[in-house]
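Novice: My questions are about this predicted structure, shown below with the sequence.
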Amino acid sequence: MKSIVLSAFPLLLALAPSALAAEQADLIIRHATVIDVEHATTVADQAVVVRGDDIVAVGDDRAIAKAWTAARKIDGKGRYLIPGLWDMHVHFGGGHELIEENKALLPLYIAHGITTIRDCSGDLPEQVLQWRGQIADGTLEGPQLFSSGAKIEGIKPVWKGTIEVGSQADLDAAFVKLKRDRVDFVKITDSTLTPPLFLEAVRGARANGLRASGHIPMALTVQQAVDAGISSIEHLDYAYKAGVKDEAAIAADFAAKRIDRAEANRRLDAGFDHDTAMAAYRGFAAKGVYVTPTLNGGRILDFLDQDDHANDPYLAYIGPRLQATYQWRVERTAKASPEQIAQRHQQYHQVAAVLPMLQEAGVTVMAGTDAGFLNSFNYPGIGLHDELSLFVKEGLTPAQALSSATRAGPSWFGTLDRYGGIAQGKAADLVLLDANPLQDIQATRAINTVVLRGQVYDRKALDALLAQTREKVAQWQQAAKQ
C-alpha cells in the first residue's frame with residue numbers, strides 16, 4: 001500500500017503546476033465598471049477576458065487576474081465598459097463615382113464606437129453587399145455591416161438603386177434576387193410603389209423569412225402596414241401619423257385623389273390624439289414592431305434657418321462630392337417662407353413628443369441616424385451620438401437611450417444571445433468610456449478604447465482612423481480645385 005502512494009506522488013506533483021496555471025487569452029480589460037444595459041446597472045472592478053472575437057470570461061477583477069493571463073492588458077480603472085454601439089439606419093450612395101468617398105466613411109463608425117451598422121439602401125447596393133463580405137472576412141476595415149441590398153420600389157421612382165416593381169410577377173422576381181443576394185432584411189419605399197403592392201411586399205418579406213422595414217404610403221394607414229407584418233417603421237413621423245384620429249379618412253381621401261399631399265399633411269398635423277396614439281403604440285409593442293426615429297436628420301433640416309452648418313468641423317471627414325449631394329435638400333429648404341419655417345419648427349417638436357410615448361407603450365426604439373449621402377449635415381459616426389442626445393432631450397432616460405443603441409439592434413435581428421451585453425459567449429465588440437453614460441448620455445462621446453471583433457483600437461488608433469479619412473478628404477478637395 002505504501003509503495004502505491006509513493007509511486008503516485010510524483011504524478012500529483014507533475015499535475016499540480018498545470019492545474020494551477022492561468023489560462024491564456026488575447027486581451028484582458030481590468031478594473032472596469034461594466035454597464036449592464038439591460039438592467040441599467042453598473043458592476044464595479046470587473047475584468048473582461050477576450051479570446052479571438054469572443055468574450056470568454058467576465059468577473060471580479062482579482063479572481064479573473066488569478067485565472068487568466070493575456071498578451072495585452074487594458075487598464076479600465078475609473079472607466080465604464082459598454083457593448084458596441086449600433087447605428088440601425090445608414091445610407092451609402094450618390095453614384096458610382098462616389099464609391100471611394102462612401103468607403104472612406106467606414107472607419108468613422110469605428111472611431112465613434114459604432115461596431116455594427118444597418119444599411120437601409122442607397123444607390124450602391126452591389127458595392128455595399130461586397131463591403132459586407134469583405135468586412136466579415138477581414139479584408140476591409142469597418143463595422144459589422146447588415147444590408148437590405150436594393151430597395152423595393154415602384155416603376156420609375158425618385159430613388160435610384162431600386163428594384164422596380166409594378167406587378168406581382170415583378171415582386172416575386174424581386175424576392176428571388178434579394179434572396180440570391182442574401183440580404184439581411186428588406187427595405188420598401190413609397191415613391192411610386194402602389195399601396196396594394198406595398199402591402200404585398202411586406203407580406204412577401206415575411207413569407208420569405210425576411211424582416212421588412214420602410215416608408216408607409218400616404219394612401220395607407222400605419223395599421224395596415226403593421227397588420228401586413230412590417231418589422232420596423234423608419235422615421236418618427238410615421239409613428240406620429242398612427243396617432244391621428246382620422247388617419248383612415250385622410251388616407252382614403254388621398255388615395256381617391258380628393259386631397260393632395262399638402263392637404264393630407266395639414267390634416268395629419270392637426271389631428272393627433274393622445275389616446276389614439278397610445279392605443280396604436282401598444283399595438284406596435286404587441287406585434288413586435290420597432291421604430292427607428294431618425295430625429296437628428298429632421299432636426300437639422302427643420303432648423304437650417306438657425307444653423308446652416310457651413311462651419312461644421314466634421315465636414316473635414318466628408319468627401320466633396322458627398323457634400324455636394326447635401327445641396328438638394330438645402331436648396332429645397334431655403335425656398336421656405338417665414339410661415340413655412342415656423343411650421344417646420346412646430347412640426348419637429350410635435351413629432352419629437354411622440355418618442356417618450358412610444359417608450360411608455362413598450363415599443364422598442366432603435367437608434368438610427370439616416371446618415372450618409374443626400375441627408376444634409378447628418379454625419380456618419382458622430383451622428384449617432386447626436387441622436388442619443390436628442391433622445392434624452394426629448395424625454396428618454398440615458399439608460400433607455402443607451403439601450404436603443406446597444407440592445408435594440410441585436411433584438412431586432414434576433415441576435416441578443418451574441419450582442420447587446422457583456423458576458424461570457426458574447427461578441428467582443430466593446431467600448432470603454434471615460435464617464436458613465438447612465439448618468440449622462442454625453443459620456444458615449446468620451447471614448448477611450450474600442451474593441452471590434454476582438455481587435456483593439458486605443459485612443460491613438462482611433463485618432464489615426466479619423467486622420468486617415470481627413471487626409472483622404474483633403475486630397476479629394478485639393479483635386480476638385482484643380
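Specialist: Alright, I've got the coordinates. Residues are numbered from 1 along each chain as shown.
Novice: What is the longest helix of the protein by residue count?
Specialist: Counting by DSSP state H, the longest helix found in the chain is helix 459-481.
Novice: what's the spacing between Q168 and D181?
Specialist: For Q168, the distance to D181 equals 20 Å [CB to CB, to the nearest Å]. Quick note: C-beta positions are derived from backbone N, CA and C, even for glycine.
Novice: neighbour count winner among these two?
Specialist: Set Q168 next to D181 and count neighbours by other CB atoms under 10 Å: D181 wins out with 16 against 12.
Novice: pLDDT at the more buried one, what is it?
Specialist: Note on D181: pLDDT of 98.
Novice: Which residue, neighbours along the chain excluded, lies closest to V43?
Specialist: Of all residues not flanking V43 in the chain, V34 sits nearest, at 4.7 Å (CB to CB, 6 or more residues apart in numbering).
Novice: And for the one you found, the neighbour number?
Specialist: For V34, the neighbour count with other CB under 10 Å is 25.
Novice: Remind me which helix or strand it belongs to.
Specialist: strand 23-36 (DSSP states H and E).
Novice: How far away from the center of its chain is that strand?
Specialist: 26 Å (CA atoms, centre = their mean, to the nearest Å).
Novice: now the angle from the helix or strand just after that strand to strand 23-36?
Specialist: Once the chain leaves strand 23-36, the next helix or strand it forms, by DSSP H and E, is strand 41-51. Strand 41-51 runs at 160 degrees relative to strand 23-36, counting by axes from the mean of the first three to the mean of the last three CA atoms, to 10 degrees.
Novice: CA atoms of strand 41-51 as CSV?
Specialist: Provided in CSV are the C-alpha atoms of strand 41-51 (Å, rounded to 0.1, in the frame of the first residue of the first chain):
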residue,chain,number,x,y,z
THR,A,41,-26.9,49.0,-13.5
THR,A,42,-23.2,49.0,-13.0
VAL,A,43,-20.8,46.4,-11.7
ALA,A,44,-17.5,47.9,-10.4
ASP,A,45,-14.0,46.4,-10.6
GLN,A,46,-14.7,43.9,-13.2
ALA,A,47,-12.3,42.1,-15.6
VAL,A,48,-13.3,41.1,-19.1
VAL,A,49,-11.4,38.4,-20.9
VAL,A,50,-11.3,38.2,-24.8
ARG,A,51,-10.0,35.4,-26.9
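Novice: Could I get the buried residue list for that strand?
Specialist: V43, Q46, A47, V48, V49, V50, R51 (16 or more other CB atoms under 10 Å).
Novice: Now tabulate those in a markdown table and tack on distance to Q475 and pLDDT.
Specialist: What follows is the buried residues of strand 41-51, written out as a markdown table (distance: CB to CB, whole Å; pLDDT from 0 to 100):
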| residue | distance to Q475 | pLDDT |
| --- | --- | --- |
| V43 | 46 | 98 |
| Q46 | 43 | 98 |
| A47 | 43 | 98 |
| V48 | 39 | 98 |
| V49 | 41 | 98 |
| V50 | 36 | 98 |
| R51 | 39 | 98 |
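Novice: before we move on, the earlier item: roughly how far does the residue nearest to V43 sit from R282?
Specialist: V34 is 33 Å from R282, by CB to CB.
Novice: same deal with T69?
Specialist: According to CB to CB, T69 stands 51 Å off from R282.
Novice: by contact count, what packs against the strand holding V34?
Specialist: strand 41-51, strand 54-60, helix 61-67, strand 68-75, strand 80-83, strand 430-433, strand 447-452 (3 or more CB pairs under 8 Å, 6 or more residues apart in numbering; DSSP states H and E).
Novice: residues of the helix or strand that contains P196 that come out buried?
Specialist: In the assignment (DSSP H and E), P196 maps to helix 195-207. By neighbour count on 16+ other CB under 10 Å, the buried set for helix 195-207 is P195, L197, F198, L199, E200, A201, V202, R203, G204, A205.
Novice: Pick out whichever of those residues sits closest to D61.
Specialist: Among the buried residues of helix 195-207, A205 lies closest to D61 (CB to CB), at 46.3 Å.
Novice: Would you enumerate the residues in contact with the residue nearest to that closest one when sequence neighbours are not counted?
Specialist: Leaving out its chain neighbours, the residue that sits closest to A205 by CB to CB, 6+ apart is A212, at 3.7 Å. Going by CB atoms under 8 Å, 6 or more residues apart in numbering, A212 touches F185, V186, K187, I188, A201, V202, A205, R206, G229, I230, S231, S232.
Novice: Phi and psi next, for A212.
Specialist: A212 adopts backbone torsions of phi -110, psi 140, taken as degrees, to the nearest 10.
Novice: Against E360, how distant is it?
Specialist: With CB to CB as the criterion, A212 and E360 are 26 Å apart.
Novice: Not counting residues beside it along the chain, what's closest to K103?
Specialist: W131 (7.1 Å).
Novice: Same check on Y419?
Specialist: Once flanking residues are discounted, Y419 sits nearest to P410: 3.8 Å by CB to CB, 6+ apart.
Novice: which element is that neighbour on?
Specialist: Assigned by DSSP H and E, P410 belongs to helix 408-413.
Novice: tell me which strands and helices that helix is in contact with?
Specialist: Packed against helix 408-413 by the contact rule (3+ CB pairs under 8 Å, 6+ apart) you find strand 85-90, strand 290-292.
Novice: among the ones you listed, which is nearest A324?
Specialist: Distance to A324, taken as CB to CB, is lowest for strand 85-90 among the helices and strands packed on helix 408-413, at 19.0 Å.
Novice: Tabulate the CA atom coordinates of the closest one in CSV.
Specialist: Presented in CSV, the C-alpha positions along strand 85-90 are these (Å, rounded to 0.1, in the frame of the first residue of the first chain):
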residue,chain,number,x,y,z
LEU,A,85,-22.9,50.8,-30.4
TRP,A,86,-25.3,50.0,-33.4
ASP,A,87,-26.5,52.6,-35.9
MET,A,88,-29.6,51.0,-37.3
HIS,A,89,-30.2,53.3,-40.2
VAL,A,90,-27.4,54.5,-42.5
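Novice: Give me the contact list for it.
Specialist: If you take CB under 8 Å, 6+ apart as the criterion, strand 85-90 is touched by 109, 112-120, 232, 234, 292, 294, 366-372, 380, 383-384, 405-406, 408-410, 412, 419, 431, 444.
Novice: tell me how far it is from the chain's mean position?
Specialist: Worked out by CA atoms, centre = their mean, strand 85-90 lies 1 Å from the chain centre.
Novice: Run the angle between that strand and strand 447-452 for me.
Specialist: Between strand 85-90 and strand 447-452, the angle comes out at 70 degrees (the same axes, to 10 degrees).
Novice: on that earlier part again, take the contacts of A212 and write them to CSV, including distance to D269 and pLDDT.
Specialist: Output for these, formatted as CSV (distance: CB to CB, whole Å; pLDDT from 0 to 100):
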residue, distance to D269, pLDDT
F185, 31, 98
V186, 30, 98
K187, 26, 98
I188, 25, 97
A201, 28, 98
V202, 26, 98
A205, 31, 98
R206, 32, 96
G229, 28, 98
I230, 23, 98
S231, 27, 98
S232, 24, 98
